[in-house]
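Engineer: just coords:
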């Protein structure tokens, strides 16, 4: 809301003057930010049709901090405590292969000379 308030101060005219209409506009803005945005972002990753473009645009072929951050969130949906989400995620072959690749690349390996 800080950005929206600042735009209003600058005269962007995005917030109605009427208090009731202003509150409703702010509620819909919050709905877009918190609920709809999450769906849009998730659809880029979870929808098999969008995955190749999202992967190419944001991640690339080398494992980077972007992969680690995404992996941490998405892999948590593969755990037993989120059984339904794990089943849904498993249906997305490309996403599953990506998560498997990052998991393998970031797995802890002992560097002891005895092993």
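Structural biologist: Structure's in. What do you need? Small disclaimer: the values here were computed from a predicted structure and weren't measured.
Engineer: From here on, just use CA atoms for contacts and neighbour counts.
Structural biologist: Will do.
Engineer: what sits against residue 76?
Structural biologist: By Cα atoms under 8 Å, 6 or more residues apart in numbering, the contact set of residue 76 is residue 82.
Engineer: go with 6 Å
Structural biologist: Neighbour list for residue 76: empty [criterion: Cα atoms under 6 Å, 6 or more residues apart in numbering].
Engineer: residue ranges with poor pLDDT in this structure?
Structural biologist: For the chain, applying pLDDT under 70 flags the ranges 1, 12, 37, 40, 44-46, 55, 57-60, 109-115.
Engineer: Apply 80 and report the result again.
Structural biologist: Applying pLDDT under 80 to the chain flags residues 1-14, 31-67, 69-70, 108-115.
Engineer: quick one, domains of it?
Structural biologist: The chain resolves into domains spanning 1-46, 49-108 when parsed by automatic domain parsing.
Engineer: gap between the shortest one and the chain center?
Structural biologist: Yep, that's domain 1-46 we're talking about. A distance of 19 Å separates the centroid of the chain from that of domain 1-46, by Cα atoms, centre = their mean, to the nearest Å.
Engineer: what's the answer for the last one, then?
Structural biologist: Distance of domain 49-108 from its chain centroid, counting by Cα atoms, centre = their mean, is 11 Å.
Engineer: For residue 107, see how far away residue 36 is.
Structural biologist: Noted for residue 36: a distance of 34 Å to residue 107, by Cα to Cα, to the nearest Å.
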